[in-house]
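*Asks:* next one to model:
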Amino acid sequence: MLDVARSILTENGRHIRLGSRAMSMLAALVAARGELVPRRQLIERAWPETFVEASNLRVQISAVRRALNDDGQSATYLINVAGYGYRIGVPVEQGDWHEPAAPGAALPRHQITAIVGRDREVAALVRATRRSRLVTLTGPGGVGKTTIAAAAAQRLHDQHMMDICQVDFAALEAPELVPAAAAAALGLEVDAEAALPALLEFARARALTLVFDSCEHLLPAVAALSQAILHTCPDISVIATSHEALGLALERVIRVTPLAVPEATATLEGVLRFPACELLVCRALAMQPTRKLGDADAATIRALCDRLDGLPLAIEIAAANLDVLSLAELLGQLSSGRGLDLGNRRTAAARHQTMRAMLDWTTRRLSGPEHLALRRLAQLAEPFDLQRLEQAAGADIIARLIRRSLLVPVRQDGRLLYRMLASTRLYANQHLNEV
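*Replies:* Numbers count the residues shown, from 1 in each chain. All right, here's what the predicted structure looks like:
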(Lines give C-alpha, C1' and ligand atoms only; values in the text may rest on other atoms or scores of the structure.)
Protein backbone atom coordinates (compact mmCIF):
# COMPACT_ATOMS: atom_id res chain seq x y z
CA MET A 1 0.00 0.00 0.00
CA LEU A 2 1.26 3.46 -0.90
CA ASP A 3 0.22 6.51 1.13
CA VAL A 4 1.12 9.21 -1.39
CA ALA A 5 0.35 12.11 0.95
CA ARG A 6 2.74 10.87 3.64
CA SER A 7 5.20 9.10 1.31
CA ILE A 8 4.88 5.78 3.15
CA LEU A 9 5.01 2.38 1.44
CA THR A 10 3.91 -0.73 3.35
CA GLU A 11 3.28 -4.41 2.74
CA ASN A 12 1.00 -6.31 5.12
CA GLY A 13 1.45 -3.56 7.72
CA ARG A 14 5.27 -3.50 7.46
CA HIS A 15 7.16 -0.41 6.34
CA ILE A 16 9.24 -0.78 3.18
CA ARG A 17 12.19 1.58 3.12
CA LEU A 18 12.31 3.76 0.00
CA GLY A 19 14.19 7.02 -0.55
CA SER A 20 12.35 10.23 -1.36
CA ARG A 21 13.37 10.33 -5.05
CA ALA A 22 12.38 6.72 -5.65
CA MET A 23 9.17 7.36 -3.70
CA SER A 24 8.31 10.38 -5.88
CA MET A 25 8.83 8.29 -9.02
CA LEU A 26 6.62 5.52 -7.67
CA ALA A 27 3.94 8.09 -6.79
CA ALA A 28 4.06 9.50 -10.34
CA LEU A 29 3.74 6.04 -11.87
CA VAL A 30 0.86 5.10 -9.57
CA ALA A 31 -0.90 8.38 -10.31
CA ALA A 32 -0.70 7.60 -14.04
CA ARG A 33 -2.68 4.37 -13.41
CA GLY A 34 -0.95 2.30 -16.08
CA GLU A 35 -0.37 5.10 -18.56
CA LEU A 36 3.17 5.58 -19.84
CA VAL A 37 5.26 8.15 -17.93
CA PRO A 38 8.17 9.56 -19.99
CA ARG A 39 11.68 9.36 -18.54
CA ARG A 40 11.99 13.13 -18.77
CA GLN A 41 8.91 13.56 -16.59
CA LEU A 42 10.23 11.13 -13.96
CA ILE A 43 13.57 12.94 -13.84
CA GLU A 44 11.86 16.31 -13.47
CA ARG A 45 9.73 14.89 -10.68
CA ALA A 46 12.74 13.63 -8.71
CA TRP A 47 15.27 16.35 -9.60
CA PRO A 48 13.28 19.54 -10.32
CA GLU A 49 15.22 22.12 -12.35
CA THR A 50 18.37 19.99 -12.17
CA PHE A 51 20.29 18.25 -14.94
CA VAL A 52 21.23 14.67 -14.05
CA GLU A 53 22.65 11.74 -15.98
CA ALA A 54 20.29 8.96 -17.06
CA SER A 55 22.18 6.54 -14.81
CA ASN A 56 20.66 8.26 -11.77
CA LEU A 57 17.18 7.49 -13.06
CA ARG A 58 18.14 3.81 -13.47
CA VAL A 59 19.38 3.67 -9.88
CA GLN A 60 16.09 5.04 -8.52
CA ILE A 61 14.00 2.75 -10.74
CA SER A 62 16.07 -0.19 -9.45
CA ALA A 63 15.25 0.93 -5.89
CA VAL A 64 11.53 0.97 -6.73
CA ARG A 65 11.80 -2.50 -8.28
CA ARG A 66 13.48 -3.87 -5.14
CA ALA A 67 10.79 -2.32 -2.95
CA LEU A 68 8.10 -3.98 -5.09
CA ASN A 69 10.03 -7.29 -5.29
CA ASP A 70 10.17 -6.90 -9.08
CA ASP A 71 13.35 -8.30 -10.68
CA GLY A 72 12.95 -6.19 -13.83
CA GLN A 73 12.80 -9.24 -16.11
CA SER A 74 9.28 -10.54 -15.59
CA ALA A 75 7.77 -7.01 -15.93
CA THR A 76 5.32 -7.60 -13.09
CA TYR A 77 5.02 -4.13 -11.54
CA LEU A 78 7.18 -1.75 -13.60
CA ILE A 79 7.17 -2.07 -17.37
CA ASN A 80 10.02 -0.38 -19.24
CA VAL A 81 9.20 0.95 -22.70
CA ALA A 82 12.68 1.16 -24.18
CA GLY A 83 13.79 4.64 -25.11
CA TYR A 84 10.69 6.32 -23.71
CA GLY A 85 9.68 5.65 -20.10
CA TYR A 86 7.91 3.41 -17.62
CA ARG A 87 4.41 2.44 -16.56
CA ILE A 88 2.78 0.45 -13.78
CA GLY A 89 1.90 -3.04 -14.99
CA VAL A 90 -0.73 -3.94 -12.37
CA PRO A 91 -4.16 -2.48 -11.57
CA VAL A 92 -4.14 0.53 -9.22
CA GLU A 93 -6.91 0.73 -6.66
CA GLN A 94 -7.71 3.41 -4.11
CA GLY A 95 -8.27 2.07 -0.61
CA ASP A 96 -8.49 3.05 3.04
CA TRP A 97 -5.23 3.76 4.86
CA HIS A 98 -4.35 1.86 8.04
CA GLU A 99 -1.49 3.08 10.19
CA PRO A 100 1.40 0.58 9.88
CA ALA A 101 3.66 -0.70 12.61
CA ALA A 102 6.79 1.28 13.41
CA PRO A 103 9.61 0.95 10.86
CA GLY A 104 12.08 -1.85 11.50
CA ALA A 105 15.25 -3.17 9.97
CA ALA A 106 15.45 -3.49 6.20
CA LEU A 107 15.16 -7.26 6.17
CA PRO A 108 15.55 -9.21 2.94
CA ARG A 109 12.29 -9.50 1.06
CA HIS A 110 12.50 -13.31 1.13
CA GLN A 111 10.77 -13.61 4.54
CA ILE A 112 10.87 -17.29 5.38
CA THR A 113 8.77 -19.22 7.88
CA ALA A 114 10.34 -22.62 7.25
CA ILE A 115 12.77 -24.13 4.79
CA VAL A 116 13.38 -27.81 4.16
CA GLY A 117 16.71 -29.48 4.83
CA ARG A 118 18.81 -26.36 5.38
CA ASP A 119 18.90 -25.96 9.18
CA ARG A 120 22.56 -26.95 9.32
CA GLU A 121 23.57 -24.50 6.58
CA VAL A 122 21.62 -21.63 8.15
CA ALA A 123 23.20 -22.29 11.55
CA ALA A 124 26.66 -22.51 9.97
CA LEU A 125 26.19 -19.16 8.23
CA VAL A 126 25.03 -17.49 11.45
CA ARG A 127 28.12 -18.85 13.24
CA ALA A 128 30.39 -17.78 10.41
CA THR A 129 29.17 -14.18 10.57
CA ARG A 130 30.42 -14.03 14.18
CA ARG A 131 33.92 -15.05 13.11
CA SER A 132 34.27 -13.30 9.78
CA ARG A 133 32.92 -9.97 8.55
CA LEU A 134 32.65 -11.26 4.97
CA VAL A 135 31.00 -14.61 4.29
CA THR A 136 30.16 -15.71 0.75
CA LEU A 137 27.79 -18.54 -0.10
CA THR A 138 28.81 -20.16 -3.37
CA GLY A 139 27.30 -22.97 -5.40
CA PRO A 140 25.45 -23.73 -8.62
CA GLY A 141 22.38 -21.79 -9.64
CA GLY A 142 19.24 -23.07 -7.94
CA VAL A 143 21.02 -24.65 -4.98
CA GLY A 144 19.38 -22.30 -2.48
CA LYS A 145 22.01 -19.67 -1.63
CA THR A 146 19.52 -16.80 -1.45
CA THR A 147 17.12 -18.83 0.69
CA ILE A 148 19.87 -19.71 3.19
CA ALA A 149 21.16 -16.12 3.32
CA ALA A 150 17.64 -14.78 3.90
CA ALA A 151 16.92 -17.32 6.64
CA ALA A 152 20.22 -16.54 8.36
CA ALA A 153 19.54 -12.81 8.12
CA GLN A 154 16.11 -13.32 9.66
CA ARG A 155 17.69 -15.30 12.51
CA LEU A 156 20.35 -12.64 13.08
CA HIS A 157 17.61 -10.05 13.30
CA ASP A 158 15.25 -12.05 15.51
CA GLN A 159 17.79 -13.55 17.91
CA HIS A 160 20.56 -10.96 17.96
CA MET A 161 18.64 -7.75 17.13
CA MET A 162 20.97 -7.20 14.18
CA ASP A 163 19.89 -4.65 11.59
CA ILE A 164 19.87 -6.18 8.11
CA CYS A 165 19.78 -4.61 4.66
CA GLN A 166 19.54 -6.65 1.48
CA VAL A 167 20.94 -5.46 -1.84
CA ASP A 168 19.72 -7.62 -4.72
CA PHE A 169 22.06 -7.16 -7.68
CA ALA A 170 20.23 -9.57 -10.03
CA ALA A 171 18.57 -6.85 -12.12
CA LEU A 172 21.63 -4.57 -12.19
CA GLU A 173 23.85 -4.77 -15.28
CA ALA A 174 26.16 -1.75 -14.91
CA PRO A 175 29.13 -2.41 -12.55
CA GLU A 176 29.62 1.32 -11.98
CA LEU A 177 26.18 1.49 -10.35
CA VAL A 178 26.92 -1.10 -7.65
CA PRO A 179 27.66 1.50 -4.90
CA ALA A 180 24.57 3.47 -5.93
CA ALA A 181 22.38 0.36 -5.68
CA ALA A 182 23.71 -0.33 -2.17
CA ALA A 183 23.20 3.31 -1.16
CA ALA A 184 19.63 3.26 -2.49
CA ALA A 185 18.87 0.07 -0.52
CA LEU A 186 20.00 1.92 2.61
CA GLY A 187 17.64 4.79 1.77
CA LEU A 188 20.35 7.29 0.89
CA GLU A 189 19.47 10.10 -1.52
CA VAL A 190 22.66 10.57 -3.52
CA ASP A 191 23.65 10.72 -7.16
CA ALA A 192 25.47 7.71 -8.59
CA GLU A 193 28.79 9.57 -8.75
CA ALA A 194 28.72 10.37 -5.01
CA ALA A 195 27.27 7.06 -3.85
CA LEU A 196 30.42 5.38 -2.50
CA PRO A 197 31.66 8.18 -0.20
CA ALA A 198 28.11 8.85 1.00
CA LEU A 199 27.54 5.16 1.72
CA LEU A 200 30.81 4.84 3.64
CA GLU A 201 30.08 7.97 5.66
CA PHE A 202 26.59 6.72 6.49
CA ALA A 203 27.78 3.24 7.51
CA ARG A 204 30.95 4.26 9.35
CA ALA A 205 29.31 4.53 12.79
CA ARG A 206 26.59 1.90 12.34
CA ALA A 207 26.28 -1.79 13.23
CA LEU A 208 24.68 -3.54 10.29
CA THR A 209 24.78 -6.71 8.20
CA LEU A 210 24.53 -6.19 4.45
CA VAL A 211 23.27 -9.08 2.31
CA PHE A 212 24.68 -8.74 -1.21
CA ASP A 213 22.59 -11.14 -3.29
CA SER A 214 23.29 -12.49 -6.82
CA CYS A 215 26.79 -11.04 -7.23
CA GLU A 216 28.16 -13.41 -9.88
CA HIS A 217 27.80 -11.05 -12.86
CA LEU A 218 29.29 -8.06 -11.00
CA LEU A 219 32.13 -9.69 -9.06
CA PRO A 220 34.89 -7.06 -9.41
CA ALA A 221 32.55 -4.20 -8.52
CA VAL A 222 30.94 -6.01 -5.56
CA ALA A 223 34.38 -7.11 -4.33
CA ALA A 224 35.66 -3.53 -4.47
CA LEU A 225 32.59 -2.23 -2.60
CA SER A 226 32.87 -4.97 0.03
CA GLN A 227 36.53 -4.24 0.59
CA ALA A 228 35.90 -0.51 0.96
CA ILE A 229 33.11 -1.15 3.46
CA LEU A 230 35.12 -3.62 5.54
CA HIS A 231 38.15 -1.32 5.69
CA THR A 232 36.15 1.80 6.54
CA CYS A 233 33.20 0.61 8.64
CA PRO A 234 34.32 -1.52 11.60
CA ASP A 235 30.82 -2.68 12.63
CA ILE A 236 29.53 -3.65 9.19
CA SER A 237 29.43 -7.29 8.07
CA VAL A 238 28.66 -8.61 4.60
CA ILE A 239 26.95 -11.82 3.51
CA ALA A 240 27.24 -12.40 -0.24
CA THR A 241 25.68 -14.98 -2.54
CA SER A 242 27.35 -15.84 -5.84
CA HIS A 243 28.22 -18.71 -8.13
CA GLU A 244 31.85 -18.00 -7.21
CA ALA A 245 33.72 -16.30 -4.40
CA LEU A 246 34.53 -12.58 -4.42
CA GLY A 247 38.23 -13.37 -4.07
CA LEU A 248 39.07 -11.14 -1.08
CA ALA A 249 41.62 -12.00 1.60
CA LEU A 250 39.12 -11.45 4.43
CA GLU A 251 36.50 -13.67 2.84
CA ARG A 252 35.16 -16.88 4.33
CA VAL A 253 33.54 -19.12 1.71
CA ILE A 254 30.75 -21.60 2.40
CA ARG A 255 29.97 -23.91 -0.53
CA VAL A 256 26.29 -24.82 -0.68
CA THR A 257 25.65 -28.33 -2.05
CA PRO A 258 22.42 -29.89 -3.34
CA LEU A 259 20.02 -31.57 -0.94
CA ALA A 260 20.75 -35.21 -0.12
CA VAL A 261 19.03 -37.92 -2.19
CA PRO A 262 18.85 -41.56 -1.05
CA GLU A 263 20.62 -44.21 -3.10
CA ALA A 264 17.77 -46.66 -2.69
CA THR A 265 14.87 -47.15 -0.30
CA ALA A 266 11.63 -49.09 -0.42
CA THR A 267 9.42 -47.06 1.90
CA LEU A 268 7.94 -43.58 1.94
CA GLU A 269 9.21 -43.12 5.49
CA GLY A 270 12.69 -43.99 4.24
CA VAL A 271 12.78 -41.43 1.42
CA LEU A 272 11.37 -38.72 3.68
CA ARG A 273 14.49 -38.93 5.83
CA PHE A 274 16.30 -37.20 2.95
CA PRO A 275 15.66 -33.47 2.50
CA ALA A 276 15.38 -33.53 -1.31
CA CYS A 277 12.53 -36.04 -1.10
CA GLU A 278 10.98 -34.23 1.85
CA LEU A 279 10.91 -31.00 -0.16
CA LEU A 280 9.33 -32.70 -3.17
CA VAL A 281 6.63 -34.35 -1.07
CA CYS A 282 5.90 -31.09 0.80
CA ARG A 283 5.43 -29.23 -2.47
CA ALA A 284 3.42 -32.08 -4.02
CA LEU A 285 0.99 -32.04 -1.11
CA ALA A 286 0.78 -28.25 -1.31
CA MET A 287 -0.27 -28.54 -4.96
CA GLN A 288 -2.82 -31.29 -4.20
CA PRO A 289 -3.61 -31.58 -0.47
CA THR A 290 -5.83 -34.63 -1.09
CA ARG A 291 -3.04 -36.55 -2.84
CA LYS A 292 -2.39 -39.92 -1.17
CA LEU A 293 1.22 -41.10 -1.09
CA GLY A 294 2.52 -44.43 0.12
CA ASP A 295 5.39 -46.88 -0.11
CA ALA A 296 4.50 -47.60 -3.75
CA ASP A 297 5.53 -44.01 -4.58
CA ALA A 298 8.91 -44.16 -2.81
CA ALA A 299 10.93 -45.33 -5.83
CA THR A 300 9.40 -42.66 -8.10
CA ILE A 301 10.02 -39.90 -5.54
CA ARG A 302 13.65 -41.00 -5.18
CA ALA A 303 14.09 -41.19 -8.97
CA LEU A 304 12.61 -37.71 -9.42
CA CYS A 305 14.93 -36.15 -6.85
CA ASP A 306 17.90 -37.94 -8.39
CA ARG A 307 16.97 -36.64 -11.85
CA LEU A 308 16.65 -33.15 -10.36
CA ASP A 309 20.13 -33.36 -8.79
CA GLY A 310 18.67 -32.54 -5.37
CA LEU A 311 18.59 -28.89 -6.46
CA PRO A 312 15.88 -27.06 -4.47
CA LEU A 313 14.96 -24.79 -7.39
CA ALA A 314 14.66 -27.73 -9.79
CA ILE A 315 12.47 -29.56 -7.26
CA GLU A 316 10.27 -26.48 -6.74
CA ILE A 317 9.87 -26.01 -10.51
CA ALA A 318 9.06 -29.67 -11.12
CA ALA A 319 6.65 -29.88 -8.17
CA ALA A 320 4.73 -26.85 -9.49
CA ASN A 321 3.54 -29.14 -12.31
CA LEU A 322 2.08 -31.75 -9.99
CA ASP A 323 -1.28 -30.01 -10.15
CA VAL A 324 -1.79 -31.64 -13.56
CA LEU A 325 0.82 -34.43 -13.66
CA SER A 326 1.20 -37.56 -11.56
CA LEU A 327 4.59 -38.37 -10.07
CA ALA A 328 5.12 -41.03 -12.76
CA GLU A 329 4.13 -38.62 -15.54
CA LEU A 330 6.51 -35.98 -14.17
CA LEU A 331 9.33 -38.53 -14.12
CA GLY A 332 8.48 -39.38 -17.74
CA GLN A 333 8.80 -35.69 -18.69
CA LEU A 334 12.23 -35.49 -17.06
CA SER A 335 13.40 -38.80 -18.54
CA SER A 336 12.49 -37.62 -22.05
CA GLY A 337 14.73 -34.55 -21.73
CA ARG A 338 11.95 -31.99 -21.34
CA GLY A 339 12.77 -30.98 -17.77
CA LEU A 340 14.61 -27.76 -18.61
CA ASP A 341 11.46 -26.07 -19.91
CA LEU A 342 9.02 -27.16 -17.22
CA GLY A 343 7.47 -24.08 -15.66
CA ASN A 344 4.32 -22.92 -13.79
CA ARG A 345 5.95 -20.60 -11.20
CA ARG A 346 4.46 -17.32 -12.41
CA THR A 347 5.43 -15.19 -9.42
CA ALA A 348 9.08 -16.28 -9.37
CA ALA A 349 11.87 -14.12 -10.74
CA ALA A 350 12.29 -14.62 -14.49
CA ARG A 351 15.53 -16.59 -14.09
CA HIS A 352 13.84 -18.88 -11.53
CA GLN A 353 10.80 -19.83 -13.64
CA THR A 354 12.52 -22.66 -15.54
CA MET A 355 15.83 -24.45 -15.23
CA ARG A 356 16.66 -23.34 -18.76
CA ALA A 357 16.25 -19.70 -17.67
CA MET A 358 18.50 -20.34 -14.67
CA LEU A 359 21.19 -21.94 -16.84
CA ASP A 360 20.87 -19.17 -19.43
CA TRP A 361 21.68 -16.78 -16.57
CA THR A 362 24.52 -18.97 -15.30
CA THR A 363 26.27 -19.46 -18.66
CA ARG A 364 25.72 -16.09 -20.33
CA ARG A 365 29.13 -14.78 -19.25
CA LEU A 366 31.10 -17.82 -20.39
CA SER A 367 33.66 -17.27 -23.12
CA GLY A 368 33.61 -19.20 -26.39
CA PRO A 369 36.31 -21.66 -25.21
CA GLU A 370 34.39 -22.19 -21.95
CA HIS A 371 31.18 -22.95 -23.88
CA LEU A 372 33.12 -25.42 -26.03
CA ALA A 373 34.68 -27.08 -22.98
CA LEU A 374 31.29 -27.49 -21.29
CA ARG A 375 29.82 -29.07 -24.43
CA ARG A 376 32.80 -31.42 -24.74
CA LEU A 377 32.67 -32.48 -21.09
CA ALA A 378 28.93 -33.14 -21.35
CA GLN A 379 29.73 -35.96 -23.79
CA LEU A 380 32.16 -37.74 -21.45
CA ALA A 381 31.47 -40.30 -18.75
CA GLU A 382 31.83 -39.02 -15.21
CA PRO A 383 32.94 -38.43 -12.52
CA PHE A 384 36.16 -36.81 -13.69
CA ASP A 385 39.47 -36.48 -11.93
CA LEU A 386 41.30 -33.20 -12.35
CA GLN A 387 43.94 -34.65 -14.68
CA ARG A 388 41.30 -35.95 -17.08
CA LEU A 389 39.45 -32.63 -17.02
CA GLU A 390 42.59 -30.66 -17.81
CA GLN A 391 43.46 -33.02 -20.66
CA ALA A 392 40.00 -32.42 -22.13
CA ALA A 393 39.88 -28.64 -21.87
CA GLY A 394 43.01 -27.09 -20.37
CA ALA A 395 43.84 -26.18 -16.77
CA ASP A 396 42.78 -22.51 -16.91
CA ILE A 397 39.36 -23.19 -18.42
CA ILE A 398 38.66 -26.06 -16.02
CA ALA A 399 39.59 -23.87 -13.06
CA ARG A 400 37.11 -21.23 -14.22
CA LEU A 401 34.31 -23.80 -14.67
CA ILE A 402 34.96 -25.17 -11.17
CA ARG A 403 35.00 -21.68 -9.62
CA ARG A 404 31.70 -20.89 -11.34
CA SER A 405 30.13 -24.05 -9.89
CA LEU A 406 29.53 -25.61 -13.32
CA LEU A 407 31.63 -28.58 -12.23
CA VAL A 408 30.73 -29.84 -8.76
CA PRO A 409 33.26 -31.55 -6.43
CA VAL A 410 32.39 -35.01 -5.05
CA ARG A 411 34.26 -37.40 -2.78
CA GLN A 412 34.57 -41.00 -3.95
CA ASP A 413 36.71 -43.58 -2.16
CA GLY A 414 38.71 -40.79 -0.56
CA ARG A 415 39.44 -39.09 -3.90
CA LEU A 416 38.33 -35.61 -4.95
CA LEU A 417 36.46 -35.90 -8.24
CA TYR A 418 34.17 -33.62 -10.22
CA ARG A 419 30.82 -34.08 -11.92
CA MET A 420 28.41 -32.06 -13.99
CA LEU A 421 24.88 -31.78 -12.64
CA ALA A 422 22.33 -33.56 -14.82
CA SER A 423 20.54 -30.30 -15.64
CA THR A 424 23.83 -28.67 -16.69
CA ARG A 425 24.73 -31.69 -18.84
CA LEU A 426 21.31 -31.64 -20.53
CA TYR A 427 21.54 -27.88 -21.09
CA ALA A 428 25.04 -28.18 -22.58
CA ASN A 429 23.86 -30.87 -25.00
CA GLN A 430 20.61 -29.16 -26.00
CA HIS A 431 21.31 -25.45 -25.93
CA LEU A 432 24.99 -24.45 -25.87
CA ASN A 433 25.30 -25.21 -29.56
CA GLU A 434 22.80 -22.38 -30.07
CA VAL A 435 25.29 -19.83 -28.65
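*Asks:* switch to C-alpha atoms for all contacts and neighbour counts from now on
*Replies:* Will do.
*Asks:* which residues of this structure fall in strands?
*Replies:* Along the chain, counting by DSSP state E, strands occupy 2-3, 8-11, 14-15, 37-38, 78-81, 85-88, 134-138, 164-168, 208-213, 236-242, 252-255, 408-412, 415-419.
*Asks:* from residue 176, how far off is residue 321?
*Replies:* 40 Å (CA to CA, to the nearest Å).
*Asks:* the two: which has the busier surroundings?
*Replies:* Between residue 321 and residue 176, residue 321 has the larger neighbour count (other CA atoms under 10 Å), namely 18 against 15.
*Asks:* what separation do you get for that one and residue 314?
*Replies:* Counting by CA to CA, the gap from residue 321 to residue 314 is 11 Å.
*Asks:* just to revisit the earlier point, out of the strands of the chain, nearest to residue 182?
*Replies:* Shortest distance between residue 182 and the strands of the chain, using CA to CA, is found for strand 164-168: 5.8 Å.
*Asks:* who does that closest one pair up with?
*Replies:* strand 208-213 (parallel) (DSSP bridges).
*Asks:* and the angle from the partner strand to strand 236-242?
*Replies:* 10 degrees (axes from the mean of the first three to the mean of the last three CA atoms, to 10 degrees).
*Asks:* rewinding a little: among the strands of the chain, which comes closest to residue 23?
*Replies:* Using CA to CA, the strands of the chain put strand 8-11 closest to residue 23, at 8.2 Å.
*Asks:* off-centre distance for the closest one?
*Replies:* Centre-to-centre, strand 8-11 and its host chain are 23 Å apart (CA atoms, centre = their mean, to the nearest Å).
*Asks:* do stretch 388-405 as well
*Replies:* Remark: stretch 388-405 is offset 25 Å from the chain centroid, using CA atoms, centre = their mean.
*Asks:* next one: stretch 285-294
*Replies:* On CA atoms, centre = their mean, the centre of stretch 285-294 falls 28 Å from that of its chain.
*Asks:* hmm, who's touching that stretch?
*Replies:* 267, 268, 284, 319, 320, 322, 323 (CA atoms under 8 Å, 6 or more residues apart in numbering).
*Asks:* which of the residues you listed fall within helices?
*Replies:* The helices, defined by DSSP state H, take in 268, 284, 319 from these.
*Asks:* now, which of the residues you listed sits nearest residue 207?
*Replies:* Closest to residue 207 out of the ones in helices among the contacts of stretch 285-294 is residue 319 (40.4 Å), distances taken as CA to CA.
*Asks:* isn't the closest one right up against residue 280?
*Replies:* Yes - Residue 319 is in contact with residue 280 according to CA atoms under 8 Å; the separation is 6.3 Å.
*Asks:* between the ones in helices among the contacts of stretch 285-294, which has the most around it?
*Replies:* That'd be residue 319 among those, by other CA under 10 Å, with 27 neighbours.
*Asks:* what ranges in the stretch 201-350 of the chain fall below the confidence cut-off?
*Replies:* Along the stretch 201-350 of the chain, the model assigns pLDDT under 70 to residues 344-348.
*Asks:* all helices of the stretch 51-200 of the chain, in order?
*Replies:* Using DSSP state H, counting those that start in this stretch, the helices assigned to the stretch 51-200 of the chain run over residues 54-67, 119-131, 145-160, 178-185, 195-203.
*Asks:* and those helices: which comes nearest residue 332?
*Replies:* Of all the helices of the stretch 51-200 of the chain, helix 145-160 sits nearest to residue 332, with 28.8 Å by CA to CA.
*Asks:* what are the buried residues along that closest one?
*Replies:* If you call a residue buried by 16 or more other CA atoms under 10 Å, then helix 145-160 has these buried ones: 145-157.
*Asks:* hang on, the earlier thing: got the contacts of stretch 285-294 as TSV, with distance to residue 422 columns?
*Replies:* TSV is the format used below for the contacts of stretch 285-294 (distance: CA to CA, whole Å):
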residue	distance to residue 422
267	25
268	24
284	22
319	17
320	20
322	21
323	24
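*Asks:* quick one: which of those is nearest residue 10?
*Replies:* residue 320 (29.1 Å).
*Asks:* surely that closest one and residue 343 touch.
*Replies:* Yes - with contact defined as CA under 8 Å, residue 320 reaches residue 343; the gap is 7.3 Å.
*Asks:* what residues are up against residue 81?
*Replies:* The neighbours of residue 81, taking CA under 8 Å, 6+ apart as the test, are residue 87.
*Asks:* show me what it is bridged to.
*Replies:* Note on residue 81: beta-bridge partners by DSSP bridges are residue 85.
*Asks:* distance-wise, check it relative to residue 362.
*Replies:* Counting by CA to CA, the gap from residue 81 to residue 362 is 26 Å.
*Asks:* with residue 283 instead?
*Replies:* 25 Å.
*Asks:* and the protein, what are its domains?
*Replies:* The chain breaks down into these domains under automatic domain parsing: 2-88, 119-255, 268-354, 366-434.
*Asks:* end-to-end on the first one?
*Replies:* This means domain 2-88. End-to-end span of domain 2-88 (CA to CA): 13 Å.
*Asks:* starting at the chain centroid, how far to that domain?
*Replies:* 22 Å.
*Asks:* next one: the shortest one
*Replies:* On the basis of CA atoms, centre = their mean, the separation between the geometric centre of domain 366-434 and that of its chain is 23 Å.
*Asks:* residue 279 reaches residue 315, doesn't it?
*Replies:* Yes - the pair residue 279 / residue 315 is scored as a contact, 7.4 Å apart, by CA under 8 Å.
*Asks:* where in the stretch 51-200 of the chain is pLDDT low?
*Replies:* For the stretch 51-200 of the chain, the stretches with pLDDT under 70 are 71-76, 82-84, 92-114.
*Asks:* hang on, the earlier thing: and of the contacts of stretch 285-294, the nearest to residue 22?
*Replies:* For the contacts of stretch 285-294, the nearest to residue 22 is residue 320 (34.6 Å; CA to CA).
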